[in-house]
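In: sequence and predicted structure below; questions after.
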Amino acid sequence: MNNLILSNTVRFIVLVLLQVLILNNVNLFGYLNPLVYITWIFLFPIKKNKSLFLITSFFLGISIDFFSNSGGVNAAATVFIAFIRLPILKAVLRKTDFDYLLFNLRAISFDKIFLYITTLTIIHHFILFSLEYFSSNAFTTIISTTFFTSIFTIIVSILGVFLFVKKK
Amino acid sequence: MQQIIYFIRKFRYFLLFLLLEILAITFTIQQHSYHTSKFVNSANFITGGFYNTVNDVNQFFLLRDENKLLIEENVHLKNLLNKKEINYTKENHTVIDTVKFFQKYEYSVAKVIKNNYTNRNNILTLDKGSKQGLTTDLGVINSLGIIGVVKNSSSNYSTVLSILNSYSKINVRLKNSNHYGTLTWNGENHTTAQLEDIPRQTVIKIGDTIITGGKSAIFPEGIHVGIINDFLFENNKYQQINILLFNDMTSVGYVQIVDNLQKKEQNQLEQQTNNE
């Protein structure tokens, strides 16, 4: 139990620092930065208190906002994917009663992990860039930025999950 | 009453979600308005201090470029000094008379500890704050040209509204005529900004230099901005004028803060006239 709290706290801090110190300065092709901090949402255990999960994901988003001067766009997008994570996971796994107690992303097959991460990433990025641009004129820019940033984020976060999460 | 409590208990998870979303969107909207983003910005103690430490390491690798810029500016200033003919008539002799003290602008130096140019609305963070005399609405420039306007300041850090921001509107004019317009940014390319509201009778050519106009109380007149890269003249009107910025906004290190000592006087007078 304590082990879970500790590992999630450490992961929270490491991902925020990784995001603001390194990944926000990648600027691939001039403007693409992967938003890998949302991996924390993907990996959070399911049986935990749901309200606590929402509040901590709000803090995850707002701490990224503090560092990148973006108001509350990261917080809004992160809270939203935290809210829809469970329904999406249920839909992807096509089971009503999966193993709540031993949720481990590595125990799921690759195509299902990929689908799960892709859906959440695209929803997150779309909300984030829509709020950032905040105008209907920029619709094509929002779509293209969402698309390319999502590809980058998905690649980096899947690599991260496979390299750093232990297969039990 | 019991119904309401039951309702809240039943939907508390969804209500918590709504509350957090509304909070986040409130912060977003606050950030969009010019002066009210008091809460979420990187001019606070934790994030500012953090970027300061990281920047100390990064700055070490940029010393060579920084030195080159300083030398270039020194050469430029020396040339200016030599162009000026010094004549020792009585009027030009140094007379210290505080009543006739005509200094209008005061410059101070600060370091950019957080630079941003990939978003739609970019904001920079400086390592000086209200303790060092920085307040809102001071101009930020470097030896190459303008960078932005100070937006918020805490006691030790300040945030700067970069010219690469949709809310940045700066009065600029052509160097070879007195026609002036507004400098904006459409968010597409961090090397080019746009010139708007230029009167249609203005004759412009590709390569014309754009400088600050000095119509506002923030920037002194004549700070370099950029050159006209291309423009579109349609329906008897300039549709879009792209300006190639002199400044490389991806690499700004040390900057100068311009404080207009007569700003208060000018604003007061203008307000008084408007109210009459």
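Out: Received the coordinates, thanks.
In: end-to-end on stretch B:155-167?
Out: Separation of the first and last residues of stretch B:155-167 by CA to CA, to the nearest Å is 24 Å.
In: any residue of that stretch up close to chain A?
Out: Yes. Interface with chain A: stretch B:155-167 contributes B:T159 (CB under 8 Å from any CB of the partner chain). Using the backbone N, CA and C atoms, a C-beta is placed for each residue, glycine as well.
In: flag every buried residue along that stretch.
Out: Residues B:156-166 are the ones in stretch B:155-167 that count as buried (16 or more other CB atoms under 10 Å in any protein chain shown).
In: low-confidence regions, the stretch 51-200 of chain B specifically.
Out: B:82-103 (pLDDT under 70).
In: close to chain A: what parts of it are there?
Out: B:51, B:54, B:114, B:116, B:118-121, B:123, B:125, B:159, B:187, B:190.
In: for chain A, state which of the buried residues of stretch B:155-167 is nearest.
Out: Set against chain A, the nearest of the buried residues of stretch B:155-167 by CB to the nearest CB is B:T159 (6.4 Å).
In: confirm the closest one sits in a helix?
Out: No. In this structure, B:T159 is strand, not part of a helix, as judged by DSSP: H, G, I helix; E, B strand; the rest coil.
In: show me what it is bridged to.
Out: Following DSSP bridges, B:T159 is listed with bridge partners B:T125, B:N152.
In: correct me, but it touches B:D127?
Out: No. Counting by CB atoms under 8 Å, B:T159 stays clear of B:D127, with 11.6 Å between them.
In: any idea how far chain B is from the residue located most distally from the centre of chain A?
Out: Ranked by distance from the centre of chain A (CA atoms, centre = their mean), the top residue is A:N137, with 27.0 Å. Distance from A:N137 to chain B, counting by CB to the nearest CB, to the nearest Å: 10 Å.
In: now that residue, what's its secondary structure?
Out: Recorded secondary structure, A:N137: helix (three-state DSSP).
In: so what's the residue nearest to the spatial centre of chain A scoring on pLDDT?
Out: For chain A, the residue nearest the mean C-alpha position is A:I38 (2.1 Å; CA atoms, centre = their mean). pLDDT, A:I38: 89.
In: and the nearest residue to it once chain neighbours are set aside, what does it touch?
Out: Spatially, and ignoring its direct neighbours in sequence, A:I38 is nearest to A:H124 (5.6 Å; CB to CB, 6 or more residues apart in numbering or on different chains). Residues near A:H124 by CB atoms under 8 Å, 6 or more residues apart in numbering or on different chains: A:35, A:38, A:77-78, A:80-81.
In: isn't the residue nearest to the centre of chain A right next to A:A82, touching?
Out: No. With contacts counted by CB under 8 Å, A:I38 stays clear of A:A82, the gap being 9.3 Å.
In: picking that back up, take the contacts of A:H124 and write them to TSV, including secondary structure and distance to B:H224.
Out: Shown next, in TSV, are the contacts of A:H124 (DSSP: H, G, I helix; E, B strand; the rest coil; distance: CB to CB, whole Å):
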residue	secondary structure	distance to B:H224
A:L35	coil	36
A:I38	helix	42
A:A77	helix	39
A:T78	helix	41
A:F80	helix	44
A:I81	helix	45
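In: by neighbour count, which of these wins?
Out: A:T78 (31 neighbours; other CB atoms under 10 Å in any protein chain shown).
In: state the distance from that one to B:A24.
Out: Applying CB to CB, to the nearest Å, the value for A:T78 to B:A24 is 8 Å.
In: any chance you could map the helices in the chain?
Out: Since no chain was named, I'll use chain A. Secondary structure of chain A (DSSP state H): helices located at A:2-17, A:39-43, A:50-68, A:73-93, A:110-133, A:139-164.
In: hmm, I had chain B in mind actually
Out: In order along the chain, chain B carries the following helices (DSSP H): B:2-10, B:12-32, B:45-60, B:63-83, B:263-275.
In: now these in JSON lines, with mean neighbour count?
Out: Output for those, formatted as JSON lines (neighbours: other CB atoms under 10 Å in any protein chain shown):
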{"stretch": "helix B:2-10", "mean neighbour count": "9"}
{"stretch": "helix B:12-32", "mean neighbour count": "17"}
{"stretch": "helix B:45-60", "mean neighbour count": "15"}
{"stretch": "helix B:63-83", "mean neighbour count": "11"}
{"stretch": "helix B:263-275", "mean neighbour count": "10"}
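In: re earlier: ok, now how distant is the residue nearest to A:I38 from chain B?
Out: 13 Å.
In: quick one: that residue and B:F60, what's the gap?
Out: Counting by CB to CB, the gap from A:H124 to B:F60 is 36 Å.
In: could you give the mean pLDDT of stretch B:21-34?
Out: Mean predicted lDDT for stretch B:21-34 stands at 79.
In: check contacts around B:F231.
Out: Contacts of B:F231 (CB under 8 Å, 6+ apart): B:204, B:206, B:238, B:240-242.
In: now, of these, which are buried?
Out: B:204, B:238, B:241-242.
In: picking up where we left off before, do you know how far the residue nearest to the centre of chain A is from chain B?
Out: 15 Å.
In: sounds good, over and out.
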